[in-house]
Every structure is written in C-alpha cells, then in structure tokens.
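Student: need coordinates for the following:
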Amino acid sequence: MDFSSEQLDLENPVTEFRQTPQRSVVLEFFSRDLVFDDGAEFEVWSFESEDSGRSLPGPTLRPTEGEIFHATFTPAKGAHTIHWHGMEPDPRNDGVGHTSFEIGGTYTYQWQAEPGRPGDPNYGAAGTYFYHCHVNTVLHAQMGMFGALVVDPVVHPSYPVTPGARRPFVDGPEYDIATECILIPYSVDPRWHEMNHAAGLSGEDAGLNRFEPEHFYLLGGNLANRGNTDDRVWSLSSIPANVVPGARKPTLLRIVNANYLPNRMYFTDQAGNPARIAELIAHDGRPFRDTSVPGVPSPTCAAAGYPLLTSVLAFGAAERYDVMLLPPTPGRYQLRVEWEDWITGEILATRTIPIIAS
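Tutor: Numbers count the residues shown, from 1 in each chain. Okay, the predicted model is just below:
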C-alpha cells in the first residue's frame, strides 16, 4: 500500500539524451461526457492532440520504423503517464510509474522503433500496438485513456510498394491503404466512471477488483479517414473489404482489445455460416513466420504455403491482431463479436457488424 501510494511524481522531468525527432506529437488530457452509439453517456478521460478533437479513443499515432519519435504530454486532473504497450523503450520513456515516474507537469517521451529485416524474426517493430495511462492503470484505461499506436515499416528495396498500398511489416503482403480499418472492443462499467483519479490507491476498497460492464462497444473505423470525431465516440459500424483476387490489394483489419473481458469474434456469411476469410498475419506486433529451419530466412506463413486462415478468433485484454480480409466474392459478410464473463464463460453481450465486400 505504501509503495503504490507514494510513487515518484515529477513536475517537469527532463528527457535525457534528447535528439531531434523525425515525428512528434503534443498530447493533452481531457475530461468530458461523451455519448456512445447506444445513447448512453459517460464521463470519459482521454488524450487529445492539436488536430484530433476530444474523442474516444485518443488520436491514432503512426510513426515509422527508424524514426526518432517524440510525444510531449501535459496531464491534468492529477498525475498521469503514457505507456507504449508492446514497444518497451527504456524505463524513463515507457511510462510505468512503478519503474520511472509519474508526470505532474509536462514530459516529452522519446523512443525509436527498430527497423525490420526481411525474413528475420528477431528484428522489426512494425505492427499494431496501443498507448495508455499507467497511473491507477485499470481505472484510467477504463475511463478512456488509451489510443491506437501503429508502427509502419521501412520500405525495403527488395519489397517495393505499389501506389495506394502499404505493407504491415517489412516483407509482409501489400494491403490497400484506403480500406484499412481498426477495431477496438470496449465495455463500460458505469460504477467505475463515477470514481475519482486516485480511487483505491490509498488502500481503500474501491471495488476495482469487480468489473461488471453493462454497455458493450466496437470502437474504431477507417484509418485513412477518421473524420471529425470531436465530442464524439469513434464507433465502427461496418467494415469494407476488397474481393481477393481483384484489382485492389486486400483489406487489413487491425484489432486492439481495450476490453477487460475475453472476446470471441466470428467471421460468417450473410446467413451466419462460418466464412474462413480472415488470414492472421501478426499478433502483438510480431509477424507469424515459419521458423522451423534454423539458420535460414523465415518466410511468412503464407509464403511458406500455409496461410493462417480462420473464421474464429479468441483473445483477451490488451491483445492485438493484424488480420488480412480475403472475401472471395462481392457481397455482405458479418463479423460477430461476443463478450464472455471471465469466470463463468457466460456470453454477456453480442455485437454484429457487416463486412461489405466489393
């Protein structure tokens, strides 16, 4: 209790070994009541940038491998941090108060994503991550202090990129930039949204061991054009998908689980029959590769002859998947997402959205 209630709180920590960034963002804290797609309204805390507006989730941050990245953060309503979940920079820049400090004033986080090497599973940081506050973590993340972090790969001369396309990692398959989507399962326990910044930190029983959500959401949308979401929750209502093979590259769906319960999602046709149109290409920012032969380059699973095709995906809190959508014909498919009670396995809620293939 003493340890958790007496964290090092610095007003304006110094960014050591500061370098000139190739990409930077200025983030601030906001608190606002936001209306969700079911009409429910809750107090939300999150991050905003100069051009993002006040929305949930926070702005999508998108550095490229090899760039020096700076994020200058000014908290409010108490101390906060930014944890770059899955990136693992040095402790001063990882935003975990227990191993560095909490910010009372302003701090500039600095890190550099490692460039990938074709066929090498030990190098490269390109992939899907997220960032969140790491002060009273479970409460602050539930309140909305999180956003998507996408690291794009360097373009390798052996793997050029078609105009209008991008690769998810250095030697990954090309995908269509225009239809790239992100899906973020999230749920709300209204009782938690009535708590204060430091609830539970002094040893009192604030009930943070009891998460009992009553509202269930699919946040996200098209990454190429989030549009104006100021004062709104960014909600996913449908997913576009390019038919494969076709004139355009396939659609990439990035999944970030900001939910505290296990989720299952089912890809089906319009009648509800399983449709194996989802190819898993990466998990938690790490590509799926064939590493069965030591000492030789490790191709992707698809290049090795066994693409990881599925119609069902099960995952838990903070997991991320990169999924290539491969519908064989135009038409409507469906994505059904279920929230499970983590103790009983009971299905607490289901949301279904269309996948529109063209």
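
Student: helices and strands of this protein: which one bottoms out on pLDDT?
Tutor: Within the chain, confidence by mean pLDDT, DSSP states H and E is lowest for helix 2-5 among all helices and strands, at a mean of 45.

Student: how about the longest strand seen in the chain: buried residues?
Tutor: Longest strand in the chain, counting residues (DSSP state E): strand 23-35. For strand 23-35, burial by neighbour count (16 or more other CB atoms under 10 Å) applies to 25, 27, 28, 29, 30, 34. Yep, even glycine has a C-beta here, placed from its N, CA and C like the rest.

Student: could you do stretch 217-234 as well?
Tutor: Applying a neighbour-count criterion of 16+ other CB under 10 Å, one finds 217, 218, 219, 220, 221, 222, 223, 226, 229, 232, 233, 234 buried in stretch 217-234.

Student: with stretch 159-177 instead?
Tutor: Within stretch 159-177, the residues that qualify as buried are 159, 165-176, counting by 16+ other CB under 10 Å.

Student: those in helices, which ones?
Tutor: In helices, defined here by DSSP state H, there are no members of these.

Student: need those residues in a markdown table with distance to residue 92, can you?
Tutor: Output for the buried residues of stretch 159-177, formatted as a markdown table (distance: CB to CB, whole Å):
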| residue | distance to residue 92 |
| --- | --- |
| 159 | 34 |
| 165 | 37 |
| 166 | 31 |
| 167 | 31 |
| 168 | 29 |
| 169 | 27 |
| 170 | 28 |
| 171 | 33 |
| 172 | 31 |
| 173 | 36 |
| 174 | 37 |
| 175 | 35 |
| 176 | 38 |
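
Student: quick check, nearest of those to residue 317?
Tutor: The closest of the buried residues of stretch 159-177 to residue 317 turns out to be residue 168 (CB to CB; 22.5 Å).

Student: from residue 115, how far out is the closest one?
Tutor: Residue 168 sits 14 Å away from residue 115 when distances are taken as CB to CB, to the nearest Å.

Student: how far out from the middle of the chain is stretch 172-185?
Tutor: 12 Å (CA atoms, centre = their mean, to the nearest Å).

Student: what's next to stretch 21-28, contact-wise?
Tutor: When contacts are defined by CB atoms under 8 Å, 6 or more residues apart in numbering, stretch 21-28 is touched by residues 47-50, 58-59, 61, 63-64, 67-74, 76, 82, 110.
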